[in-house]
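Chemist: fold the following, please.
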Amino acid sequence: MNSEIVLNNTNQDDTYEIKLQVGDLFDDWNSVYIAVEAYAKQQGFVANKYRKDLDSIDKFIIRYQEYVCWKFGINQTKKVEDINTHHYHNHQCNSEIIDLAPKNLKLPHTILSKIEHYTVSSYLGAGQQYDLLTKEFPEHHIKKKNLYNAISKFRGVRIHNEFDAAEMLSYLLKQRDID
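Modeler: Numbers count the residues shown, from 1 in each chain. Have a look, this model is predicted:
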């Protein structure tokens, strides 16, 4: 980050106040992402990447990137207000919302260890695992998408054996060539 970003040390435990302004300069897009994430966390909301324009010649060069609040587009108001001057949103901003944002939903380690046990040792399907986990951990909201991703992570790449359809097809083609 360049010196245009104002970082004020507000107390002794190394917590910084981040102020973003129009015209701030950054070294790369990663530093922009870090600054926007830190500012959003400080202000009590979650920022998501909304739009990215690439260079027309070299598609690896990013020309423009836009960040929006994760509740963007949910409520269409009839009047327009500039949040730069009023500094409030159409929803409550607090630190608890940051944990509930879809991009921050992660399964706890205890649930992941149970999923690994059910997948590797017990060979249970996703439906059975979902039923068991929701009864065993009623305090956690387990999304099926996160469960499916965890199961696929623990299953890994399956090794094809002699009963595989591709193996059988190649065997039959060899037999046809021999005859």
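Chemist: give me the domain ranges for this protein.
Modeler: Using automatic domain parsing, the domain ranges for the chain come out as 6-101, 105-179.
Chemist: what's the end-to-end length of the shortest one?
Modeler: Taking CA to CA, to the nearest Å, the first and last residues of domain 105-179 lie 59 Å apart.
Chemist: returning to that earlier point: can you list the domains of the chain in CSV and add mean neighbour count?
Modeler: Where you see a C-beta, it was placed from the backbone N, CA and C, and this is true even at glycine. Listed next are the domains of the chain as CSV, based on neighbours: other CB atoms under 10 Å:
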stretch, mean neighbour count
domain 6-101, 12
domain 105-179, 12
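Chemist: in JSON lines, list these along with mean pLDDT.
Modeler: Below are the domains of the chain laid out as JSON lines (pLDDT from 0 to 100):
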{"stretch": "domain 6-101", "mean pLDDT": "74"}
{"stretch": "domain 105-179", "mean pLDDT": "86"}
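Chemist: packing partners for whichever strand or helix holds residue 33?
Modeler: Per DSSP states H and E, residue 33 falls inside helix 29-43. If contacts are counted by 3 or more CB pairs under 8 Å, 6 or more residues apart in numbering; DSSP states H and E, helix 29-43 sits against strand 16-19, strand 47-54, strand 62-69, helix 95-100.
Chemist: skipping adjacent residues, who's closest to residue 42 in space?
Modeler: Nearest residue to residue 42, sequence neighbours excluded (CB to CB, 6 or more residues apart in numbering): residue 18, at 5.7 Å.
Chemist: wait, the one you found touches residue 40, no?
Modeler: No: in this structure residue 18 lies outside contact range of residue 40 using CB atoms under 8 Å: 9.5 Å.
Chemist: ranges for the helices of this protein?
Modeler: 29-43, 83-86, 95-100, 109-116, 126-136, 144-155, 165-178 (DSSP state H).
Chemist: got the phi and psi for residue 137?
Modeler: Here is the backbone geometry of residue 137 (degrees, to the nearest 10): phi -130, psi 70.
Chemist: now it, nearest residue through space, not along the chain?
Modeler: residue 111 (5.9 Å).
Chemist: so the one you found is in contact with residue 143, correct?
Modeler: No: contact between residue 111 and residue 143 fails when scored by CB under 8 Å: they sit 11.4 Å apart.
Chemist: need the residues touching each of these two.
Modeler: Shared contacts of residue 111 and residue 143 (CB atoms under 8 Å, 6 or more residues apart in numbering): none.
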